[in-house]
Each structure stands twice: as structure tokens, then as C-alpha cells.
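>>> Sequence first, then the predicted structure, then my questions.
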Amino acid sequence: MIYLDYNATTPVAKEVAEAMMPFLVEDFGNPSSAHPVGRRAREALEKARGQISRMLGCESTEVVFTSGGTESNNMVLKSVAWSLRDKGRHIVTTKIEHPSIINTALFLMEDGYDVTFLPVDKYGSLDPDEVRRAVRRDTILITVMHANNETGTIEPLAEISSIARERGVLFHTDAAQSVGKIETKVRDLGVDFLTIAGHKIYAPKGVGALYIRKGLKIEPFMHGGGQEMGLRSGTENVILNVGLGKACELILDNLYDDIPRLRRLRDRLHNQILSAIPEVVLNGHPENRLPNTLNLSFPGMIGEEILSHIPEICASTGAACHDRSLKLSHVLGAMGVTEEVGMGAIRLSLGRPTTEGEVDEAAGLLIAKGTGKEALDE
């Protein structure tokens, strides 16, 4: 089995599992309890918060634990909308966002909010001038993902941030795919909010975090006992939060070694396939994309069919399954990719455990299958 779907999820790192183990058995206390067992849990929780803040380059009090990327994204959009509804009801985002952004935006539209979904170019890149033109007097939030989960294309957040500051609009980025793959210092990006998903960075599923810039006051997302600075009540999941903290510490230890290694392996995979099948199309920006992500289309073929005949490879396609039928992904559609090309898309995403041998074997398997022709259904 060759796992090339690290953008979908990652295995839990050994070091992360080891860090979590004591809190499964011995250190089971409630962080709100004043006795020693509770204090140990609180100390572990705050240590994890500090590990995340160091990775992001922010203060620990700017980190709120959540259940994952979807909750973090929902929290930003809904809490900002509720908090600033008297100032305005307009939100700016893009057509290539994760469903947890798009569907939350659609939900808010049903409640009277206006959302502008901006286009992207053929590489999946957003033109900052599109943002400038879209911002209005009643705009309260701009939300643009840092890097796309399908193509890996990295968006120009620093330029968009300048526009947001100039116009006095809050700025959020969904960084679920970029954290752990490229630098994500919040001050450099210029964001007010940033989303993290634990299972994308070798932590468990069901845990995430949200950076909220110091000084911002937004409506609590969950009401109750006032945990997480009053923004997300509920007894904290110390076990998973400790795992997320350790995963962020590993990013600090490994990022600058991972980036060139993964880029080299990604390009090795691409070049081998391209040399054997010249008609293969790269989806996404040729340079400005995540170092681990390779989205290729085999024109005239169906990505799902290709992968179904190569059980040795675990990867994703450029089509989504709805009602037992395959449809072109909204990301590739927004990029103007035709159905003939887009339906043949396969996303190959590499991770820390990926080896050169796996890359070479995967290339050989894809070449063998890709030189056949599974006709696109009419």
C-alpha cells in the first residue's frame, strides 16, 4: 500500500501518540479542578497552547482549541457575523474554499447576509484586485484559504491583508492545508483569524485550533462554563489538545527539512509520469503551490477509474460523488478546467513518511494504467 493522500489526513505521529498516553490513564483530571490532578491537566493544556502559539508566532492567549477545521471555520464566520451585524452584513470569500466555508456562507445568506464568491484564474490563484473591488462599506469579513486542498495553490494573503487593513475589514484564512507544509506565521500573513486542523499535521482527528488576534471581541460560539477564554465552552479535551500541541512542536523541528525533501519527491513523481505521458495536465500553479501536492489530469480518462484499478495506491480524485454519479470538483470548475480534463484528475499528496521508493513505484503504476484509455462517459 502506497499512501499518497496526506492532504486528506495524516497518520498520528509516534511522538504525538506518546505525548497523549499519560492523559488516557493517569492524568485524567478536569482542567477546571483546583486539586493536583486538575492542575496537571491544566498545565498540560497550557503547554499545548504554547506549542501551537510558538509555531504560529503569536501569544498563547490568542489560541482557542476546537474540534477541527470545520468548527474553526464555522466559529469565525458565524461569530463575526453575529458580532458585527449592526455594522454590516457582507462577507467576501472565493469559489474554491472548503465546504465548511462555502456552506457556512450559504447558511448565513439564508439569514440575510450577502456573500461575494470571488473567481480565480486558471491556476487557482486569486487576484488581490478582485478583493479590492469586492469590498464594500458594509463588508465585515474577508475569508480566503491559505492553500487549496486539491491543487496546493498558495493564495496571496499578505497582499489581501493590506487591503483588509486599509478598508478596516477583518481577515480570516483557512490554513488547514498549509500548516505544517509551509511557513504560517500569523504576523507575516497579516490575518486576524487562522484555522488549524489537527489530523492534517499528524495529530488525531477531532481536534483543531483557531488563532484569534488579541483585542478582537466576537460573540462566543458555544455558551456554557466559559472555557477557552469564554469563546468555546465545554470541558477541554486534554488528550487531543496535548496531541495537537506536540504535532505543532514537531512542525517547528521538521518544517525546513520537510519542504525541500517533499518538493524534490513531488517533482520526481511528476517528471516520471510526464516523460511517459506527455499529455498529462498539471492542475494548479506550477511554482506557487504546496511542496507536497501534485494534481494531475489524464485527459479523456476518469481519475476514479484509474485509481480503482491500482489498489496499491491511496489517493484522491478531482471529482466528487453525489447520488452515485461523479461530478467535477468545484475547485477545478472554478479554475475553468473542462470536464474532459477535470474528470481525469488525481491528487497525489506526499507526507513526512513518503519515501523515494514509494514515489518511483507509484509513478510506474500510474504510467502503466495511464497509457490505457478509459473513455469518458457521455
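Perfect, thanks for sending it.
>>> Please, where are all the strands along the stretch 1-150 of the chain?
Applying DSSP state E, counting those that start in this stretch to the stretch 1-150 of the chain gives strands spanning 2-3, 63-66, 90-94, 114-118, 139-143.
>>> try the stretch 251-378 of the chain
Using DSSP E, counting those that start in this stretch, strands in the stretch 251-378 of the chain cover 281-282, 293-297, 313-314, 316-317, 319-322, 325-328, 345-349.
>>> Identify whichever of those lies nearest to Leu45.
Of all these, strand 345-349 sits nearest to Leu45, with 30.9 Å by C-beta to C-beta. To be clear about C-beta, it is placed using only N, CA and C from the backbone, and glycine gets the same treatment.
>>> What lies in contact with that closest one?
Strand 345-349 is touched from outside by 4-8, 150-152, 266, 269, 283, 292-298, 303, 306-307, 315-319, 329, 332, 337, 362, 366, with contacts defined as C-beta atoms under 8 Å, 6 or more residues apart in numbering.
>>> how far away is Phe221 from Leu210?
Look at Phe221 and Leu210: by C-beta to C-beta, to the nearest Å, they are 9 Å apart.
>>> What of Leu366?
Separation of Leu366 from Leu210 (C-beta to C-beta): 37 Å.
>>> Also Val280?
Plainly put, Val280 is 38 Å away from Leu210 if you go by C-beta to C-beta.
>>> higher neighbour count, those two?
With neighbours defined as other C-beta atoms under 10 Å, Val280 and Leu210 compare such that Leu210 has more, 25 against 19.
>>> Not counting sequence-adjacent ones, nearest residue to that one?
Nearest residue to Leu210, sequence neighbours excluded (C-beta to C-beta, 6 or more residues apart in numbering): Ser72, at 4.1 Å.
>>> That neighbour reaches Thr195, doesn't it?
Yes: the criterion here is C-beta atoms under 8 Å, and Ser72 meets it with Thr195 at 4.0 Å.
>>> Mind listing the shared neighbours of these two?
Common contacts of Ser72 and Thr195 (C-beta under 8 Å, 6+ apart): 174, 208-210.
>>> and which of those is nearest to Gly124?
Asp174 (14.3 Å).
>>> how about that closest one, phi and psi?
Asp174 adopts backbone torsions of phi -90, psi 100, taken as degrees, to the nearest 10.
>>> if I look at it, how far off is Glu340?
Applying C-beta to C-beta to Asp174 and Glu340 gives a distance of 30 Å.
>>> Repeat that for Arg352.
35 Å.
>>> The two: which is more packed in?
Arg352 (18 against 13).
>>> hang on, the earlier thing: to Met229, which of the strands of the stretch 1-150 of the chain lies closest?
Closest to Met229 of the strands of the stretch 1-150 of the chain is strand 63-66 (C-beta to C-beta; 6.5 Å).
>>> Mark out where each domain of this protein begins and ends.
As assigned by automatic domain parsing, the chain contains the domains 2-6+255-370, 14-251.
>>> Now do the contacts for Ile218.
Taking C-beta under 8 Å, 6+ apart, we find Ile218 in contact with 79-80, 82-83, 212, 231.
>>> Switch those over to TSV; also include neighbour count and distance to Asp121.
Compiled in TSV, the contacts of Ile218 are given as follows (neighbours: other C-beta atoms under 10 Å; distance: C-beta to C-beta, whole Å):
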residue	neighbour count	distance to Asp121
Ser79	22	31
Val80	22	28
Trp82	14	34
Ser83	16	33
Ile212	24	31
Leu231	21	36
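>>> which among those residues gets closest to Arg167?
The closest of the contacts of Ile218, once distances to Arg167 are taken by C-beta to C-beta, is Val80, at 15.0 Å.
>>> Kindly provide the distance from that closest one to Gly208.
In this view, Val80 and Gly208 are 18 Å apart by C-beta to C-beta.
>>> one step back: when Ser72 and Thr195 are compared, which one has more neighbours?
Between Ser72 and Thr195, counted using other C-beta under 10 Å, Thr195 has the larger neighbour count: 33 against 30.
>>> For Pro11, grab the count of nearby residues.
Using other C-beta under 10 Å, Pro11 has 14 neighbouring residues.
>>> any idea how far Lys122 is from Asp258?
In terms of C-beta to C-beta, Asp258 sits 28 Å off from Lys122.
>>> more neighbours, the two?
Asp258 (20 against 11).
>>> Look at the more buried one and report its pLDDT.
Looking at Asp258, its pLDDT reads 97.
>>> quick one: it and Arg352 touch, right?
Yes: counting by C-beta under 8 Å, Asp258 does reach Arg352; the two are 6.1 Å apart.
>>> Poorly predicted segments of the stretch 201-350 of the chain, please.
For the stretch 201-350 of the chain, the stretches flagged by pLDDT under 70 are 319-325.
>>> tell me what the host helix or strand of Gly243 is packed against?
Assigned by DSSP states H and E, Gly243 falls within helix 238-276. Judged by 3 or more C-beta pairs under 8 Å, 6 or more residues apart in numbering; DSSP states H and E, the packing partners of helix 238-276 are helix 14-20, helix 22-25, helix 36-56, strand 293-297, helix 356-370.
>>> Identify the residues contacting the first one?
The one in question is helix 14-20. With C-beta under 8 Å, 6+ apart as the test, helix 14-20 has contacts from 202-204, 239-240, 242-243, 245-247, 250.
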